[in-house]
Structures are given as C-alpha cells and as structure tokens.
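Trainee: could you work out the structure for the sequence below:
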Amino acid sequence: MKKLKRVLTEFLSSRVVTFLLVTIIRFIYATMRITVVGKEILPGFAVRGEGYIGAFWHGRILMIPFLYPGKALHILVSIHRDGEIIARILSSFGFQLVRGSSSKGGSDAMREMLRLLRADNDLGIAADGPRGPAEVLKPGAAQLGRLSGKAVIPITFSASRSIRFRSWDRFMFPLPFSRGVFVVAEPVRSEKGEEIEAFRLRIENALKEATAMADAMVGIAGHRSENSGEGRV
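Mentor: Residues are numbered from 1 along each chain as shown. The predicted model follows:
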C-alpha cells in the first residue's frame, strides 16, 4: 500500500499532470460566481508595501491563488511527498515556496520566513497543516506574527457545490458553475504582553468565524448534510 501511494504521488506531481490540474482549476474558477468579503484588505497592504502573513486552512487552499493581489507571495509547503503535488501547483501560479513543516525542516523554514517578512514580503501558511488536526491552528502563524511584528490575516474560501475528500483536512474541490465566496478577515496583530497561546487562539477563532461566514454565504453549514451540495471522495 505504501509503495502504491508513493507511485501515485509521483504520478500526480509530474509536470504533465500538474499542467492538467492547473488547467482544470483555472477552468473551474472561470465558471464560478465569485464574491469577496473584505476585498479591500489585501490590496491595501500591497499599496503600502507592507508584508503580512496570510493564514488559511489546508482544506481550503485550492482557490486561494486567485485572491492574491501582490507581486511576490511566498507559501510554506511541507517537504513530505504529499506536499509535492501542492508545491508544483502553487509554483505554476508563480508563487515562491518555503519548504518545511512542524515535523521536518521547521527551524530552517521559520528563519527563512522571518527574513522574508522583515523585508516586507508576503507569506501564505496553511495554518493547520501539514497533517492536522483540521482547523486547529498550529503555533507557527502566531510565532511569526509575534517575532516579526507583522499582521496575520485570516483568509478562507467556500463553494456552494464541491467534492470533499475523505482526507484529514476534508479537502474542498469546488465544482464548475458553483458560487464561490472568499472571506478576508480583519488583520490580527500581537499585542504587547500577550501570551503566545492567547494570540494563537485569536487567530484561530477569527479564521473559524471567517470560514463559518463563507459557508453560510454559499448555503452550506458546519460538517454538512447529504443535501448540502457536497459530494465525498
């Protein structure tokens, strides 16, 4: 089984398959009716030239590239085999990658991300990745925000019709011609004297609230019912 999974991962991360996947993703997005809540927030940072940390759930990452208004987004991607598929897709959108995770390469990745932030680059982090638990914020985003002094911006996406995979993150794959909603929440900044856990919880709660808003706007709720417009794989 492990060998089969390795072969499948290598196949899915090949250049030809990556090109096909990116083409499909672009097609799906082009057919969707998109609403953006908080659409002025990210462009405001871009105009000021102020770097930030965009935090989103691992399972909602697929359409995030279409939201970015800046010039150079660096995204943290794990160096596990499963991360290679996401890495190739993100690279196809022109994003730079920082490789590492909480379990492998984390220290080097943290130092690189701090360097990028201090130079006012933008970062993107799947805040519950690479292996969950789903929608539980890892400390990384809070630590980066605290050490760099930069804002953490909760970002999420939902779709009225989608396929949800039976993976740990219940990965959302939107279907063509569905309604899509991005929610960009108010920036969260570390406060003087605030404990790191309190800061982490503020970011997590803001991201959960943003996700609940996006789901409500497209007509789905929580961990959905069978008639919610979602399929399962």
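Trainee: so V98 lies in a helix, does it not?
Mentor: No - looking at V98 with DSSP: H, G, I helix; E, B strand; the rest coil, it is strand, so not inside a helix.
Trainee: in whichever helix or strand A216 is part of, what counts as buried?
Mentor: Taking DSSP states H and E as the criterion, the element that holds A216 is helix 196-218. Residues of helix 196-218 classed as buried: 199-200, 202-204, 206-208, 210-211, 213-215, 217-218 (neighbour count, 16 or more other Cβ atoms under 10 Å). Heads up, the C-betas are built off the backbone N, CA and C, glycines and all.
Trainee: do stretch 46-65 as well
Mentor: Of the residues in stretch 46-65, 46, 51-65 count as buried by neighbour count, 16+ other Cβ under 10 Å.
Trainee: strands - which of those land there?
Mentor: Judged by DSSP state E, strands contain the following of the buried residues of stretch 46-65: 53-56.
Trainee: ok, back up a step: which elements pack onto the helix holding A216?
Mentor: strand 33-37, strand 53-56, helix 140-148, strand 152-159, strand 179-184 (3 or more Cβ pairs under 8 Å, 6 or more residues apart in numbering; DSSP states H and E).
Trainee: the ones you listed into CSV, with extra columns for mean pLDDT and distance to V98?
Mentor: Conversion of the helices and strands packed on helix 196-218 to CSV gives the following (pLDDT from 0 to 100; distance: least, Cβ to Cβ, whole Å):
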stretch, mean pLDDT, distance to V98
strand 33-37, 98, 26
strand 53-56, 98, 12
helix 140-148, 96, 11
strand 152-159, 98, 16
strand 179-184, 98, 22
